[in-house]
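In: Provided below for reference: sequence and predicted model.
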Amino acid sequence: MKTLYYHLTIQIGNDTSINSTTYHTFQIPAIVVNAGTSCLVPGNYVLPGKYGGAFRNDHPNKKVYYVPEGDSVEQLMYDFNLNVGDSLKGYLFACDSGFSYCDTVISMDSVLVGNSYRKKWFVDQPYFVDLIEGIGSTYGLIEQVYPGFADLYDISLKCFRQNNQTLYPDTLNTCVVLTSLENISTVNEDIIIYPNPSSGNINIDISKAPSLVSWQLWNLNGQLILQEKTTTESKIETGPLQSGVYLLQATLKDGRKLYRKFVVL
C-alpha cells in the first residue's frame, strides 16, 4: 500500500463581489506525492486547482473574513486581537463549529516574518497550532481545527510568500508554486458536499453539473472506495467508512475531472 500526501498551494485569484462587498477569491491546486519524495516524480500526479472560497481583510480591526465555497454569508476567519486566555472564534475553530469545546490562547510570543517581527499565539488544543499575525494558522491557513481528531491527518504551513517574496519561515528559500493561476481550471461550484465534516450521510449536490457522468471516492492511501454512475443528485452513506479524509473525483462528459475533499468523523 502506498502512502500519499499533498503539497497544497493557496493562490489568490480575481476579485469578486458578494452581497455588494468586494472579496479576493483563491484557488487550491495540489501535487499528490508518494511517501519519501518531495517533488513531482513518476507515480505522482497533479490535482487541478479548485475554488477555495473568498476572503476580505479588515485591516483597521485586524480581522479576516471568509465566504466558504457554496455559500454567500461571510464568517470570521481570523482575529489578530488576541490575549492569553482568549477563546478563538470563527469559521476555523471549534467554538463556532458546533462543538462545546473552545480553543484558547495559552501563550504569546513573536516570530520573524520577512524583516520584521510579528505576534504569535500558541493555541491550547491537540494540533499544537500557532497563529501568526497577518498570516494565519500554522496548521493550514484555511483548515478547520477540530478538537480530539488530531489523528485524522497531518497538515502544516510550510511556506508563505507575499508580493513574490518568501516571508515565512525565512527569506532564504523560495515557496514552490505548483501552477500559475492562468493554468488553473475555471473557478466552479459544480459540486457541493455537505455537511463537511460529517458523522452520518454525506450529501453530494451535482445539480449544477448536468454533464457529470460518474464519480469515484478515494481515501488518502490511494484506494478506490466507491465508483458510481449518477444523474443529478447523489448521497453517500458514510457509516461503513472509517474516520478520515476522503477525496471525491467527478468526471464530466468533456473529460474534465473535479475534486472535493471531505472528512468523516
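Out: Sure thing, it's come through.

In: Break this protein down into its structural domains.
Out: Taking automatic domain parsing as the domain assignment, the ranges for the chain are 4-181, 190-264.

In: CSV for these, including mean neighbour count and mean pLDDT?
Out: Just so you know, the C-beta spots here come from the backbone N, C-alpha and C atoms, and that holds for glycine as well. As requested, the domains of the chain are exported to CSV (neighbours: other C-beta atoms under 10 Å; pLDDT from 0 to 100):
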stretch, mean neighbour count, mean pLDDT
domain 4-181, 16, 78
domain 190-264, 15, 72
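
In: So what touches stretch 59-73?
Out: 18-19, 23, 51-58, 74-81, 91, 133, 136, 142, 189, 192, 194 (C-beta atoms under 8 Å, 6 or more residues apart in numbering).

In: try 7 Å this time
Out: 18-19, 23, 51-58, 74-81, 91, 189, 192 (C-beta atoms under 7 Å, 6 or more residues apart in numbering).

In: State the phi and psi torsions of K120.
Out: Backbone torsions of K120, given as degrees, to the nearest 10, read phi -140, psi 130.

In: wouldn't it be in contact with G134 here?
Out: No: counting by C-beta atoms under 7 Å, G134 is not a contact partner of K120; they are 10.8 Å apart.

In: ok so, going back, please narrow the contacts of stretch 59-73 to those residing in strands.
Out: Judged by DSSP state E, the subset of the contacts of stretch 59-73 located in strands is 18, 23, 51-58, 75-79, 192.

In: I12 and D86, how far apart?
Out: For I12, the distance to D86 (C-beta to C-beta, to the nearest Å) stands at 28 Å.

In: oh, I was asking about I193
Out: Taken as C-beta to C-beta, the span from I193 to D86 is 32 Å.

In: Check T25 too.
Out: 30 Å.

In: and if you look at L265?
Out: 26 Å.

In: Which stretches in the stretch 1-150 of the chain count as strands?
Out: 4-8, 11-18, 21-34, 45-58, 63-67, 75-79, 105-113, 116-123, 130-132, 136-137 (DSSP state E, counting those that start in this stretch).

In: Next: the stretch 151-265 of the chain.
Out: Using DSSP E, counting those that start in this stretch, strands in the stretch 151-265 of the chain cover 160-162, 165-168, 192-194, 201-205, 212-219, 224-229, 233-237, 244-252, 257-264.

In: Tell me which of those lies nearest to G114.
Out: Shortest distance between G114 and the strands of the stretch 151-265 of the chain, using C-beta to C-beta, is found for strand 165-168: 4.1 Å.
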